[in-house]
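A structural model of the following input is requested.
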Amino acid sequence: MPRVCQFSGKKTKSGRTYARRGLAKAKGGVGKKTTGKTLRRFKPNIQRVRAVVNGRVVRVKVAAKFLRRGLIEKPVKRTWRPDDATTE
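As a prediction, the model looks like this:
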């Protein structure tokens, strides 16, 4: 499955990383020179969580930003009865 947030649509994006050499003019040099450009990927922080969607508990892929904001409703934690309550 792709790395895509099912609520915001965030997905992997492409970009570049630049290799530079030299000393900045502000620091007394002749300026920074770019010596290379390489493609890289920016990956969103996607988590697989259980969430309540339309009244049902389902597993969804969600961006961590949505989890931090509290926009995803998580299901109630299940409470187990002690063993002695079932043996009556």
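
average model confidence for the helix or strand containing residue 47?
In this structure, residue 47 is located in strand 46-53 according to DSSP states H and E. Strand 46-53 carries an average pLDDT of 93.

can you point me to the longest helix in the chain?
Counting by DSSP state H, the longest helix found in the chain is helix 64-69.

where in this structure is pLDDT low?
Applying pLDDT under 70 to the chain flags residues 1, 83-88.

tell me the centre residue of it?
residue 45 (1.2 Å; CA atoms, centre = their mean).

elements contacting the longest helix of the chain?
Counting by 3 or more CB pairs under 8 Å, 6 or more residues apart in numbering; DSSP states H and E, the packing neighbours recorded for helix 64-69 are strand 46-53. For every residue, glycine as well, the C-beta is placed using N, CA and C.

residues in contact with the residue nearest to the centre of the chain?
63, 64, 65 (CB atoms under 8 Å, 6 or more residues apart in numbering).

looking at the residues you listed, which has the most residues close by?
Ranked by neighbour count (other CB atoms under 10 Å), these have residue 63 at the top, with 22 neighbours.

and that residue, bridged to which residues?
residue 46 (DSSP bridges).

in the chain, which spans are strands?
13-21, 33-42, 46-53, 56-63 (DSSP state E).

what number of residues lie near residue 62?
21.

who's in contact with it?
With contacts defined as CB under 8 Å, 6+ apart, the neighbours of residue 62 are 5, 6, 7, 46, 47, 49, 51, 72.
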